[in-house]
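Enquirer: mind looking at a prediction? Sequence and model below.
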Amino acid sequence: MAPVTMVEAIREALDEEMQRDPTVVLIGEDIGVYGGAFKATEGLLAKYGWERVIDTPISETGLIGAAIGMSYQGLRPVAEMQFIDFIACGFNQMVNFAAKSHYRWGGPVPLVVRGPCGGGVHGGPFHSQNPEMWFVHAPGLKVIYPSTAYDAKGLLKSAIRDNNPVVCLEHKFLYRRVKEELPSEEYTVPLGKLAVRRPGRDLTIATYGAMALNSLEAAEELAKEGIEAEVLDLRTLMPLDRQGIIDSVRKTNKLLVVHEDVRSGGIAGEIAATVNEQAFEDLDGPILRVTSLDTPVPFAPPLEERFLPQVADITRAARELARY
Amino acid sequence: MATKVNRATAVGETSASRLSPELLLGLYRMMVKCRMCDEKARILFRQGKYAGNFYSNVGQEAGEVGAAYSLRDDDWVAPSHRDWTSNIIKRAPLKYCFAQLYGKADSPDRGKSTPAHMGYPELHVITPASTIAAQLMIGTGVAWGLRRQGKDSVVVSFCGDGATSIGWFHEALNFAGVHQLPMIYVVQNNLWAESVPLRLQTALKNLSDRAKGHGIAGVSVDGNDILDVYEAATAAIARARNGEGPTVLECKTYRWYGHSEIDPAKYRMKEEVEEWKRKDPIPRFEKYLAEHKLLDDEQKKQVRDEITREIDEAVEFAEKSPYPAPEEALEHVWA
């Protein structure tokens, strides 16, 4: 098998699920003939027809609302946000209808809303955001955020089969930069389970998305200095694999959380609180975090570089933590 | 394209001759039932029998009943917070409707949502959210799903005049227009968006003109004339079933009371309220039925007595129903 990129893996997931289940439909802007702004849906209109690949007007709240209504009709819609930033326009439907539908009405919403997120491509304030915590904070929504092509495919397939609304964040920097051979046989990746990307004994780095790559790179450097970092790729932010994090902290006794999301209100705070509550006695040092700045995502390359966590920021924090 | 029907003086004469006495009396009975349930709900709230708030529909029954009465079991309704009675019109047992007000374990949502946010999955009534007009887009998606399955079911959504100003009202109409979906967007134009009068909401005279911008049918009717509403609604429903696309149906009516039970509505002129109370859709229809020898005083009393008994039983049921166990707060977050 030839290696595939993350965006190709996403397309495979959509294709396989549409093939497997006729109730899976795609809805979004420019996803038809155009194949999506990032080509995630390329070729699917020709294969499945306009009734299953629905190009919509520029109408994010409209298309998310319609997708929720479709889900009440036994369909499993996968809605694409051209950039996940634009989900802000559909926020009401996400947090007030989709998230609460089953709780208030017993009506499950098997909906996936997926779209490209993240910085590093000089997209500026409206094409670079990481809005995962907007949705982690809305009970009733699941949130996934893969860092590999394998996970992107496997998590998305699980999300499509899940009876709950799932927000799938796909880091656009990784779309064509990560590439790997995928199994030829069918597989899924369960929601709510982290992956240990690199085992280590000295400290735990909990991270996800593009920062998983930075963290692994940092771990390589740290290893040269004799610091063995265990790198956890969270993969799902809601439900969060709290036990997986605790298990690792019990082993390494030190925790560094790295995310591309801004600092205040990022999931690092939630993870730190969880570890304090459940594994305080196991800690040999403070829980540290490396995150983006508490600013909008700036455009100019030097500004964006300053904004985003760099490998050097991670190694610096890890060395500091290792000293305890 | 948009058409307009404005027959304020006709009082449904054209359609009435085609309607059976059973149907006419059914419409009447349902309007009275909605009115009496709503008034009872207001009293119970003021007596402190249930928490939260209540959004009365009194005065708007002709639009409510006229639009939804003839729906089939497989048709859907997407109500707003003011359309609690949609459930009643869709034949929800009253005892569960009152249990909903009380937030009791026997309410359809087991106390999860507020009194007026009532839906009924089995009857295809979607539970509204508080964010105005959001239900229209959900209903539109349901309509898309129905059409895709080759069904001839339709969706009737309800909203007020205020909802027509918000963007997603238009996103819904636009989407339904593109796909010619089986949607009937009923706009209960009661002249007030909470405390803001229509003249501060829009420069339009007829809210059905909102349809023109989306290339779909728009009809304005006397929302206090049950037969006028019924005729326009059944025509719109028939078009929707035949795949002829969506309709905006504006019912010109009036909200007798405040936005909610905690709003004394002092922003309105007393004369305006009194004028509209004189246009009460129920006595108006009673007069029509009496003229056609379909209803006399004794029958009127009988209808009200029957409904009173039904409501009393429902309230008793609701009061006896237990509250959900506190632990249930944790249930049903996930499907």
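Expert: That came through fine.
Enquirer: ok, B:Gln188 - contacts?
Expert: The contact partners of B:Gln188, by C-beta atoms under 8 Å, 6 or more residues apart in numbering or on different chains, come to B:Gln60, B:Gly63, B:Glu64, B:Arg82, B:Phe158, B:Cys159, B:Gly160, B:Asp161, B:Gly223, B:Cys251, B:Thr253. C-beta coordinates here come from the backbone N, C-alpha and C atoms, glycine included.
Enquirer: how many neighbours does the residue of chain A found nearest chain B have?
Expert: Proximity of chain A to chain B (C-beta to the nearest C-beta) peaks at A:Gly69, 2.1 Å away. If you count neighbours by other C-beta atoms under 10 Å in any protein chain shown, A:Gly69 ends up with 32.
Enquirer: let me know the pLDDT of residue 130.
Expert: Using chain A here. At A:Asn130, the model reports a pLDDT of 97.
Enquirer: try chain B instead
Expert: 90.
Enquirer: wait, is it part of a helix?
Expert: No - read with DSSP: H, G, I helix; E, B strand; the rest coil, B:Ser130 is coil and lies in no helix.
Enquirer: which residue comes closest to it once chain neighbours are left out?
Expert: B:His81 (6.2 Å; C-beta to C-beta, 6 or more residues apart in numbering or on different chains).
Enquirer: ok, A:Pro125 to A:Glu132 distance?
Expert: 17 Å (C-beta to C-beta, to the nearest Å).
Enquirer: sorry, back to before: ok, the residue nearest to B:Ser130 - contacts?
Expert: B:Tyr55, B:Ala116, B:His117, B:Pro128, B:Ser130.
Enquirer: off-centre distance for stretch B:22-33?
Expert: 15 Å (C-alpha atoms, centre = their mean, to the nearest Å).
Enquirer: now do the helices in the stretch 151-300 of chain B.
Expert: When assigned using DSSP state H, counting those that start in this stretch, the helices of the stretch 151-300 of chain B occupy the ranges B:167-179, B:226-241, B:270-278, B:281-291, B:297-320.
Enquirer: now the longest one: buried residues?
Expert: Residues of helix B:297-320 classed as buried under the neighbour-count rule (16 or more other C-beta atoms under 10 Å in any protein chain shown) are B:Gln299, B:Lys300, B:Val303, B:Ile307, B:Glu310, B:Ile311, B:Ala314, B:Val315, B:Phe317, B:Ala318.
Enquirer: cool, and stretch A:293-300?
Expert: A:Val297, A:Pro298, A:Phe299.
Enquirer: A:Thr23: how many residues sit nearby?
Expert: For A:Thr23, using other C-beta under 10 Å, the count is 18.
Enquirer: hmm, it is touching A:Leu75, no?
Expert: Yes - distance between A:Thr23 and A:Leu75: 5.0 Å, which falls inside the contact criterion (C-beta atoms under 8 Å).
Enquirer: shaky segments in chain A?
Expert: For chain A, no stretch is flagged by pLDDT under 70.
Enquirer: can you do 90?
Expert: A:1, A:105 (pLDDT under 90).
Enquirer: ditto for chain B
Expert: In chain B the weaker segments, taking pLDDT under 90 as the threshold, are B:1-18, B:108, B:116, B:129.
Enquirer: ramachandran coordinates for the residue nearest the centre of it?
Expert: In chain B, the centroid-proximal residue (C-alpha atoms, centre = their mean) is B:Glu64; its distance is 3.5 Å. When read as degrees, to the nearest 10, the backbone of B:Glu64 gives phi -60, psi -50.
Enquirer: and the closest residue to it other than its chain neighbours, how many neighbours does it have?
Expert: Once flanking residues are discounted, B:Glu64 sits nearest to B:Thr85: 5.5 Å by C-beta to C-beta, 6+ apart. Residues lying near B:Thr85 (other C-beta under 10 Å) number 29.
Enquirer: before we move on, the earlier item: my guess is the residue of chain A closest to chain B contacts B:Leu136, does it?
Expert: No - applying C-beta under 8 Å as the test, A:Gly69 and B:Leu136 come out as separate, 9.7 Å apart.
Enquirer: show me the strands in the chain, by range?
Expert: Using chain A. A:4-5, A:24-28, A:53-55, A:76-80, A:112-117, A:142-144, A:166-171, A:179-180, A:195-198, A:203-207, A:229-233, A:236-238, A:255-262, A:288-292 (DSSP state E).
Enquirer: wrong one, chain B
Expert: B:76-78, B:155-160, B:183-189, B:192-193, B:196-197, B:217-222, B:247-252.
Enquirer: residue numbers of the stretch 101-250 of chain B in contact with chain A?
Expert: The stretch 101-250 of chain B comes close to chain A at residues B:108-109, B:112-113, B:117, B:119, B:121, B:126-127, B:129-131, B:134, B:136-146, B:148-149, B:167-168, B:171-172, B:174-175, B:178, as judged by C-beta under 8 Å from any C-beta of the partner chain.
Enquirer: repeat that with 7 Å
Expert: Contact residues (C-beta under 7 Å from any C-beta of the partner chain) of the stretch 101-250 of chain B with chain A: B:109, B:112-113, B:119, B:121, B:127, B:129, B:131, B:134, B:137-142, B:144-146, B:148-149, B:168, B:171-172, B:174-175, B:178.
Enquirer: from those residues, which would you call buried?
Expert: B:109, B:112-113, B:119, B:127, B:129, B:131, B:134, B:137-142, B:144-146, B:148, B:168, B:171-172, B:174-175, B:178.
Enquirer: which residues sit in contact with A:Glu221?
Expert: Shown in contact with A:Glu221 (C-beta atoms under 7 Å, 6 or more residues apart in numbering or on different chains): A:Thr315.
Enquirer: 8 Å instead?
Expert: Counting by C-beta under 8 Å, 6+ apart, A:Glu221 has contacts A:Val311, A:Thr315.
Enquirer: with B:Ser153 instead?
Expert: Contacts of B:Ser153 (C-beta under 8 Å, 6+ apart): B:Arg72, B:Asp74, B:Asp75, B:Trp76, B:Leu146, B:Pro182, B:Arg241.
Enquirer: and for the residue of chain B found nearest chain A, nearest residue in space, chain neighbours not counted?
Expert: Nearest to chain A, among the residues of chain B, is B:Gly141, at 2.1 Å (C-beta to the nearest C-beta). Sequence neighbours aside, A:Gly69 is the residue nearest to B:Gly141 in space, at 2.1 Å (criterion: C-beta to C-beta, 6+ apart).
Enquirer: how far away is the one you found from B:Leu181?
Expert: From A:Gly69 to B:Leu181 the distance is 10 Å (C-beta to C-beta).
Enquirer: what do those two both touch?
Expert: With C-beta under 8 Å, 6+ apart, A:Gly69 and B:Leu181 have common neighbours B:Thr140, B:Ala143, B:Trp144.
Enquirer: which residue sits closest to the second one, ignoring its sequence neighbours?
Expert: Going back to what we said before, that points to B:Ala143. Closest to B:Ala143 by C-beta to C-beta, 6+ apart is B:Leu181, at 4.0 Å.
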